[in-house]
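Chemist: Test case, fold it:
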Amino acid sequence: QLQLVESGGGLVQPGGSLRLSCVASGFSSDYRYIGWFRQAPGKEREGVSCMRSIGGTTIYADSVKGRFTISRDNAQSTVYLQMNSLKPEDTAVYYCAASKSPLAITCGKGWFNYWGQGTQVTVSS
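Modeler: Residues are numbered from 1 along each chain as shown. This is a model prediction of the structure:
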């Protein structure tokens, strides 16, 4: 069974950077779609960035375009989210997720089957 484990969260000042990692175990090549999502207190979980591993198609939420970059190291079964120019409104628990469905490239959370446990990101001075 596929398992996803996130790491790399923490406390950072506004304008700072963090890199989140998501390691997949029990990995199947069928899970070609990986996404990063976040959930702030009192808000719904939202898609941040999603990608298709073959072909490299990526999608970003408007709120993070130009600041966040998703990437994948297939040899290490790891997906990264590089977050730069962080803002207080980026504060949330960040989750990675995996899917077999091509519709997952829309970054809709309903298309993702497997989820990690989440890692907290806090942006504050």
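Chemist: So the residue positioned nearest the centre of the chain: helix, strand or coil?
Modeler: The centroid of the chain falls nearest to residue 36 when counting by Cα atoms, centre = their mean (1.9 Å). Under DSSP: H, G, I helix; E, B strand; the rest coil, residue 36 falls in the strand class.
Chemist: now swap in residue 103 and tell me
Modeler: helix.
Chemist: so it makes contact with residue 113?
Modeler: No. Residue 103 lies out of contact with residue 113 (Cβ atoms under 8 Å); the separation is 12.0 Å. Glycine gets a C-beta too; all of them are placed from N, C-alpha and C.
Chemist: ok, back up a step: which residues does the residue nearest to the centre of the chain form a beta bridge with?
Modeler: Counting by DSSP bridges, residue 36 is bridged to residue 49, residue 96.
Chemist: how far away is it from residue 125?
Modeler: Residue 36 is 24 Å from residue 125, where distance means Cβ to Cβ, to the nearest Å.
Chemist: and the nearest residue in space to residue 80 that is not next to it in sequence, how far is that from residue 53?
Modeler: Spatial nearest neighbour of residue 80, chain neighbours left out: residue 71 (4.9 Å); criterion: Cβ to Cβ, 6 or more residues apart in numbering. Distance from residue 71 to residue 53, counting by Cβ to Cβ: 10 Å.
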